[in-house]
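K.L.:
Would you be able to build a 3D model of this:
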Amino acid sequence: MAPNVVLVTGVADQLGGQLAARLAADPTIERVLGVDTVPPAKGLGRVEFVWADIRNRKIAKVIDSAKVDTVVHAATRPSVGPRRAAIKELNVIGTMQLLAACQRSPLVRKLVVKSTAEVYGASSSSPAVFTEQDTTDGRDAAEIEGYVRGFARRRPDVSLTTVRLAEIIGPDLDNALARYFSLPVVPIVLGFDARVQLLHFTDALAVLGRAATHDLPGVYNVGGDGVLMLSQAIRRAGRMPLPMPRAAIGAATRLVRGGVDLSPEQAKFLNYGRVIDTTRLKTKFGFTPKWTTVDAFDDYVHARVTR
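P.N.:
Residues are numbered from 1 along each chain as shown. Here you go, the predicted model:
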């Protein structure tokens, strides 16, 4: 059933904001509410911005008063830097409160959760390719998905879609990965060359939009076809690698001019790499990313060079 009133969390972020604007441009959707603790930097068309903290129980009043039938939870963020504890609280406690609000509302019939391939973790014992059936151990992401599965058991009548996004990159996206490849010298772990799979921002946006407007319950890996070795990516970005011991990587990425904070999960990804299988995405979800990993990365590099 097509959505009528949609609530999107995390609209201050680029992905959440553009997703809300995309849904609001659909004439078949009556209302789109965008929720965050800070307003988006740009206007979002006819999206109704709601200044709310999803960690607060008042989010239930927003859902009930607006008669929301579809919720897209796009507010989860990487836990990095000095605000790591606060971001973790927003991710975990915010998800718990949002799910509780959805559970109590008889009108909510569809829930879309933006998750991440970080849910699989990254280590020397990781499989060559992760499938949706593999064990999850990615700290915050795994904890969040655990609560989502609990919600599914309590509300089996709600169509629940979880999308596990590979590392996102794009020409205008400002995130830790984009800043990492923009460093004048790029710290890498001595003796390792990770396999990197990427997802173009526009494909991530398209997948979330399709999940919100179609009934496609289940868990889906989302990533571009193919991989890049980390050393290849650094060369394509026109940068120089700086090999060093694993323990020094976090400090080095912060101290290099133009430094960047990496979460522990992101640091492991750049050490061991991670590749996900997207067969279910193509066969059951009905979506094939337009951008391969190489094309997505080259689009990011071209935009940076142009600027």
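
K.L.:
surely His200 meets Ala303?
P.N.:
No: look at His200 against Ala303 with C-beta atoms under 8 Å: they stay out of range, at 11.7 Å. Backbone N, C-alpha and C define where each C-beta goes, glycine included.

K.L.:
In terms of neighbours, single out the busier of the two.
P.N.:
His200 (26 against 14; other C-beta atoms under 10 Å).

K.L.:
Let me see the contact set for that one.
P.N.:
Residues in contact with His200 (C-beta atoms under 8 Å, 6 or more residues apart in numbering) are 168-170, 224, 289-291, 295-296, 299.

K.L.:
Go again with 10 Å.
P.N.:
When contacts are counted by C-beta atoms under 10 Å, 6 or more residues apart in numbering, His200 touches 166, 168-171, 173, 206, 223-224, 289-293, 295-297, 299-300.

K.L.:
same check, this time on Ala204
P.N.:
Contact partners of Ala204, counting by C-beta under 10 Å, 6+ apart, are 15, 18-19, 74, 114, 163, 165-166, 168-170, 173, 222-223, 289.

K.L.:
okay, and the common contacts of His200 and Ala303?
P.N.:
With C-beta under 10 Å, 6+ apart as the test, His200 and Ala303 both reach 170-171, 173.

K.L.:
in the stretch 51-200 of the chain, which spans are helices?
P.N.:
59-65, 84-104, 140-154, 176-180 (DSSP state H, counting those that start in this stretch).

K.L.:
By neighbour count, which of the contacts of Ala204 wins?
P.N.:
Leu19 (31 neighbours).

K.L.:
picking up where we left off before, for Pro27, state which of the contacts of Ala204 is nearest.
P.N.:
Leu19 (16.9 Å; C-beta to C-beta).

K.L.:
can you tell me how far that closest one sits from Lys282?
P.N.:
Taking C-beta to C-beta, to the nearest Å as the measure, Leu19 falls 21 Å from Lys282.

K.L.:
before we move on, what about Ser65?
P.N.:
39 Å.

K.L.:
what does Val11 give?
P.N.:
Taking C-beta to C-beta, one finds Val11 at 29 Å from Lys282.

K.L.:
how about the strands in the stretch 1-150 of the chain?
P.N.:
5-9, 31-36, 48-51, 70-73, 110-116 (DSSP state E, counting those that start in this stretch).

K.L.:
how about JSON lines for those, with mean pLDDT and distance to Gly150 added?
P.N.:
Converted to JSON lines, the strands of the stretch 1-150 of the chain look like this (pLDDT from 0 to 100; distance: least, C-beta to C-beta, whole Å):
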{"stretch": "strand 5-9", "mean pLDDT": "98", "distance to Gly150": "18"}
{"stretch": "strand 31-36", "mean pLDDT": "97", "distance to Gly150": "22"}
{"stretch": "strand 48-51", "mean pLDDT": "96", "distance to Gly150": "26"}
{"stretch": "strand 70-73", "mean pLDDT": "98", "distance to Gly150": "14"}
{"stretch": "strand 110-116", "mean pLDDT": "97", "distance to Gly150": "12"}
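
K.L.:
now those strands in a markdown table, with distance to Lys88?
P.N.:
Shown next, in a markdown table, are those (distance: least, C-beta to C-beta, whole Å):
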| stretch | distance to Lys88 |
| --- | --- |
| strand 5-9 | 16 |
| strand 31-36 | 17 |
| strand 48-51 | 22 |
| strand 70-73 | 16 |
| strand 110-116 | 14 |
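
K.L.:
Mind checking these for the one nearest to Thr136?
P.N.:
Thr136 lies closest to strand 110-116 among the strands of the stretch 1-150 of the chain, at 9.3 Å (C-beta to C-beta).
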